[in-house]
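Participant: sequence plus the predicted model coming up.
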Amino acid sequence: MSLKYTMEVMELLDNPSINGEKIVKLFDEMTYCDAGFETVNGEAGSTDFIKIVIKGTNGKIDGGEAPSLGIVGRLGGLGARPNRIGFVSDGDGAAAAVTTALKLATMAEKGDRLPGDIYITTHICPNAPTQPHKPVDFMGSPVDILTMNQYEVFPEMDAVLSIDTTKGNKVFNHRGIALSPTVKSGYVLKFNDDLIRIMEMTTGELPVTFAVTTQDITPYGNDVFHINSILQPSVATDAPVIGVAITAQTAVPGSGTGASHEVDVAQAVRFSIEVAKEFTQKQIEFYDEAEYNRMEELYGSMKHLQTLGKA
């Protein structure tokens, strides 16, 4: 029933007066959920950062040992008002993250609790700027990427799913979702077989993946090309990060309205929930730890790629 929750959340977000307080209210009556927001001002306005924690039955918050999963809804903004009227394509990442939180919190109320804690973060900005980018314009944001990472990526996250609209390019020719390889501490590792299996199960289709370049896993601000911000959480943590791209067959501007597809967002939600179930039950890992250690032994640390590099 993820589509039902997706439609409710997207209708709520398609509002020029939407803010963090209205999102947090969705979780007021949820027993196993803590939700809060903080307004942060930037050079181009302000945004409300959302943090939602769904507590597990054996989660670390209460002294347990089940692993914690982070789910980051990455975006520039929900709207580009006053230049564009309505919800923009770029907002899909936030919609997927909030919907995932609402579905997991509702499951917990009914008795289907996960073992580990789930940290879900995003930000709510209905009036974000736009910025030039080829082949189509990007959505900008009132705050920079380093600020986003500060409020959206936390040490408690043992692994991270980063959900981001990734339509403003000519790389994808598929509508739905696509997976990145695992990125950890500056290394691009192999595609994760378990997450590909979960993708096949939840979409009912053959898996779709996308290549990641070295540029994509370096921080914004170094004046090199990035496909978008989907893997920017990887510069702020040593936990493994996998990108969940919401895609289109054609190049769609992030500032485009009427370009969001509820079914595609719901695909990302279903996928994220199933990953959360298996990861917090220790049934899957995001990367092969022994192979990663071997890579570091052979080739050294790549953590310099998580920095802005040499001046």
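Facilitator: Thanks, I have the structure now. Residues are numbered from 1 along each chain as shown.

Participant: list the contacts of stretch 13-33.
Facilitator: 12, 34-39, 48-50, 52-55, 78-79, 81, 86-87, 91, 94-95, 98, 101-102, 105-106, 108-109, 113, 124, 126-127 (Cβ atoms under 8 Å, 6 or more residues apart in numbering). Quick note: C-beta positions are derived from backbone N, CA and C, even for glycine.

Participant: make a ChimeraX selection of the buried ones in those.
Facilitator: A single ChimeraX command selects the buried members of the contacts of stretch 13-33 (16 or more other Cβ atoms under 10 Å):
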select :12,35,37,48,49,50,52,53,54,55,78,79,86,87,91,94,95,98,101,102,105,106,108,113,124,126,127
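
Participant: among the contacts of stretch 13-33, which ones are in helices?
Facilitator: 12, 94-95, 98, 101-102, 105-106, 108-109 (DSSP state H).

Participant: could I get those as JSON lines with distance to Tyr151 and pLDDT?
Facilitator: Converted to JSON lines, these look like this (distance: Cβ to Cβ, whole Å; pLDDT from 0 to 100):
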{"residue": "Leu12", "distance to Tyr151": "21", "pLDDT": "97"}
{"residue": "Ala94", "distance to Tyr151": "13", "pLDDT": "97"}
{"residue": "Ala95", "distance to Tyr151": "18", "pLDDT": "98"}
{"residue": "Val98", "distance to Tyr151": "15", "pLDDT": "98"}
{"residue": "Ala101", "distance to Tyr151": "16", "pLDDT": "98"}
{"residue": "Leu102", "distance to Tyr151": "20", "pLDDT": "98"}
{"residue": "Ala105", "distance to Tyr151": "20", "pLDDT": "98"}
{"residue": "Thr106", "distance to Tyr151": "25", "pLDDT": "97"}
{"residue": "Ala108", "distance to Tyr151": "24", "pLDDT": "97"}
{"residue": "Glu109", "distance to Tyr151": "27", "pLDDT": "97"}
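
Participant: now for those: which two are most distant?
Facilitator: Ala94 and Glu109 (22.6 Å; Cβ to Cβ).

Participant: would you confirm that Ala178 belongs to a helix?
Facilitator: No: read with DSSP: H, G, I helix; E, B strand; the rest coil, Ala178 is strand and lies in no helix.

Participant: tell me the pLDDT at it?
Facilitator: We have a pLDDT of 97 for Ala178.

Participant: okay, now it: neighbour count?
Facilitator: 19 (other Cβ atoms under 10 Å).

Participant: isn't it up against Val212?
Facilitator: No: between Ala178 and Val212 there is no contact under Cβ atoms under 8 Å: 11.1 Å.

Participant: where along this protein do the helices fall?
Facilitator: Using DSSP H, helices in the chain cover 2-13, 20-25, 92-110, 145-152, 193-203, 262-280, 289-299.

Participant: quick one: mean pLDDT for the second one?
Facilitator: Going back to what we said before, that points to helix 20-25. Taken as a whole, helix 20-25 has an average pLDDT of 97.

Participant: pull out the buried positions in it.
Facilitator: Quick answer for helix 20-25 (16+ other Cβ under 10 Å): 20, 23-24.

Participant: got it, and the last one?
Facilitator: Residues of helix 289-299 classed as buried by neighbour count (16+ other Cβ under 10 Å): 292, 295-296.

Participant: about what we covered before: got the buried residues of helix 20-25 as a markdown table, with distance to Phe286 columns?
Facilitator: Shown next, in a markdown table, are these (distance: Cβ to Cβ, whole Å):
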| residue | distance to Phe286 |
| --- | --- |
| Gly20 | 29 |
| Ile23 | 27 |
| Val24 | 29 |
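
Participant: and those, which is closest to Thr247?
Facilitator: Distances from Thr247 to those, taken by Cβ to Cβ, are shortest for Ile23, at 25.0 Å.

Participant: before we move on, the earlier item: nearest to Lys303 among the ones in helices among the contacts of stretch 13-33?
Facilitator: When the ones in helices among the contacts of stretch 13-33 are ranked by distance to Lys303 (Cβ to Cβ), Ala94 comes first, at 28.9 Å.
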